[in-house]
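1. Here is a sequence together with a model predicted from it:
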Amino acid sequence: MTRLKAVDPITATGKAKELLGVVNAALGITPNMMRTMANSPAVLEAYLNFSGALAKGKLDAKLRELIAITVAQTNSCEYCLSAHTLLGKHAGLNDIEMAIAGRAGSDNPKVEAALAFAQQLVIRRAELTEAEVAQVRKVGFDDGEISEIVANVALNIFTNYFNHVAQTEVDFPRIAPLHRKIA
């Protein structure tokens, strides 16, 4: 059962109605997470602006989706894991790539380094060593791309936490997180 009520786009008013209309026009649907964020138009607008800005960055859609899957799995967020698995398919990822990403893995060493870095950011609350930062540089990420990995992790932690608190109803094909304990 949800804790925070989703806003109905039909009965929404003001800024919430405007933002939900933008979401629907862009996606063709209005996902429950965004409908729930619309309880505070400031929250929905912040999310849309943050994700929109990162979409214009150096990291491609595939890597951004893999980071989202790694973070969702690390935080055991069923809503985000389900949503980003579908979005990952739309970005051209296959089921195996996404399953491996849930464990911060990839058959591409550069991608795997980014996902391991992202996972450690979550687990260790960004208290990383010089060696961990050096590792992502070693595989070819520059300071701008490292900054974007951090920003994508932060965006996804926000949505994971939001959905945990709201207990947002999953409106995508369900993907259950592994529910493993992270030490």
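-> Nice, thanks for sending it over.
2. for the longest helix seen in the chain, packing partners?
-> Using DSSP state H, we find that the single longest helix of the chain is helix 143-166. Applying 3 or more Cβ pairs under 8 Å, 6 or more residues apart in numbering; DSSP states H and E, we find helix 143-166 packed against helix 32-37, helix 41-55, helix 61-74, helix 78-90, helix 109-123, helix 130-138. Backbone N, C-alpha and C define where each C-beta goes, glycine included.
3. Compute the inter-axis angle for that helix and helix 41-55.
-> 150 degrees (axes from the mean of the first three to the mean of the last three Cα atoms, to 10 degrees).
4. what residues does helix 143-166 touch?
-> 2-4, 33, 36-37, 43, 47, 50-51, 54, 57-59, 64, 67-68, 71-72, 75, 77-80, 114, 117-118, 121-122, 126, 133, 136-137, 141, 168 (Cβ atoms under 8 Å, 6 or more residues apart in numbering).
5. for stretch 14-23, what is the average pLDDT?
-> What stretch 14-23 shows for mean pLDDT is 98.
6. residues in contact with that stretch?
-> In contact with stretch 14-23 (Cβ under 8 Å, 6+ apart) are residues 7, 9, 12, 30-31, 34-35, 38-39, 41, 44-45, 48.
7. Counting neighbours, which of those residues end up buried?
-> The neighbour count (16 or more other Cβ atoms under 10 Å) marks V7, P9, A12, T30, P31, M34, R35, A38, P41, L44, E45, L48 as buried among the contacts of stretch 14-23.
8. pretty sure the fourth one is touching N24, no?
-> So the one you mean is T30. Yes. Counting by Cβ atoms under 8 Å, N24 is a contact partner of T30 at 4.7 Å.
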